[in-house]
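[1] Generate a structure from the sequence data that follows.
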Amino acid sequence: MELTTYNPQKGRLETLEVELTAENTTWFEYSGKGRAASVSAITDFGGGLLIKTLDHSYPIWLYDIST
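    I've put the predicted structure just below:
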């Protein structure tokens with residue numbers, strides 16, 4: 001599926017072809033006690049992480065980050 005994401009490394013929006021499956025995605029349940037910007041899913045994608053929140057913002061794609 002095509003997904004518009006925010007790429008903070010480039011500072012812009014990008015459209016990615018992402019397959020969200022049980023093998024590459026961890027979903028989090030909303031308890032009703034959290035904030036609207038709580039994480040709803042984290043997907044292993046393209047050598048990085050695609051992080052989706054419960055609000056209406058774009059998912060963030062983080063990649064090529066080392067500590």
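
[2] which stretches of the protein form strands?
    Under the criterion DSSP state E, the chain contains strands at 2-7, 12-17, 25-27, 39-45, 48-53, 60-63.

[3] roughly how far apart are residue 19 and residue 65?
    22 Å (CB to CB, to the nearest Å). Every C-beta, even on glycine, is put in place using the N, C-alpha and C of the backbone.

[4] If you could redo that for residue 59, that was the one I meant.
    Computed as CB to CB, the residue 59 to residue 65 distance reads 16 Å.

[5] for this protein, which spans come out with low pLDDT?
    Flagging of the chain using pLDDT under 70 yields the residue ranges 31-37, 66-67.

[6] So for it, the centremost residue is which one?
    Centroid check for the chain by CA atoms, centre = their mean gives residue 51 as the closest residue, at 2.2 Å.

[7] thinking that residue is in contact with residue 57, fair?
    No. Counting by CB atoms under 8 Å, residue 51 stays clear of residue 57, with 10.4 Å between them.

[8] okay, and the common contacts of those two?
    Here residue 51 and residue 57 have no joint contacts, going by CB atoms under 8 Å, 6 or more residues apart in numbering.

[9] residues making contact with stretch 50-57?
    Contacts for stretch 50-57 (CB under 8 Å, 6+ apart): 3, 5-6, 16, 18, 30, 34, 36-44, 59-62.

[10] What residues sit buried inside that stretch?
    Neighbour-count burial for stretch 50-57 flags 50, 51, 52, 53 (criterion: 16 or more other CB atoms under 10 Å).

[11] neighbours around residue 63, how many?
    By other CB atoms under 10 Å, the residues close to residue 63 number 13.

[12] got the contact list for the nearest residue to it once chain neighbours are set aside?
    Closest residue to residue 63 apart from its sequence neighbours, by CB to CB, 6 or more residues apart in numbering: residue 48 at 2.7 Å. Residues near residue 48 by CB under 8 Å, 6+ apart: 61, 62, 63, 64, 65.
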